[in-house]
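In: what follows is a predicted structure for the sequence shown.
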Amino acid sequence: MDSEMVYGADKSNPWRLQAVEHAQSPINTHPVTGQPVWFCNLHNHSRYLRDRRPCTIPEVGMTDVYHGDLSQIAPEDVEHINKVCERN
């Protein structure tokens with residue numbers, strides 16, 4: 001994991017220290033078939049989605065996902081990706 005420690009990366013709190021991973025391609029090569037495959041944990045790491053799921057376990061480490069330039073991913077895009085992941 002290639003990451004950088006940045007204060008206030010998400011602009012919500014200038015004193016919050018966050019580990020920011022460098023942008024990575026969601027298209028990978030399947031190790032057996034060699035075919036291109038989509039791999040992205042957006043559906044697991046999106047704060048927008050987690051805040052809308054029932055959960056009784058307190059959150060210890062916050063994660064979120066952003067575009068490569070650290071701009072927010074639109075909620076409708078996050079919801080669409082989540083629906084595609086749930087179907088497959």
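Out: Yep, it's here.
In: for the rest of this, base every contact and every neighbour count on C-alpha atoms.
Out: Will do.
In: tell me how many other residues surround the residue lying closest to Gly68 once chain neighbours are set aside.
Out: Closest residue to Gly68 apart from its sequence neighbours, by C-alpha to C-alpha, 6 or more residues apart in numbering: Ala23 at 5.1 Å. Using other C-alpha atoms under 10 Å, Ala23 has 13 neighbouring residues.
In: ok but Ala23 is inside a strand, no?
Out: No - with DSSP: H, G, I helix; E, B strand; the rest coil as the criterion, Ala23 is coil rather than part of a strand.
In: what about the helix ranked longest in the chain, distance to the chain center?
Out: Criterion DSSP state H: the longest helix present in the chain is helix 75-87. Distance, stretch centre to chain centre, for helix 75-87: 12 Å (C-alpha atoms, centre = their mean, to the nearest Å).
In: do you know the pLDDT at the most centrally placed residue in the chain?
Out: Centroid-nearest residue in the chain: Val65, 3.0 Å away (criterion: C-alpha atoms, centre = their mean). Note for Val65: predicted pLDDT of 83.
In: what sits against it?
Out: 42, 45-47, 72-73 (C-alpha atoms under 8 Å, 6 or more residues apart in numbering).
In: going by neighbour count, list what's buried in the longest helix of the chain.
Out: Within helix 75-87, the residues that count as buried by 16 or more other C-alpha atoms under 10 Å are 78, 81-82.
In: do stretch 12-27 as well
Out: Those would be 18, 20, for stretch 12-27 by 16+ other C-alpha under 10 Å.
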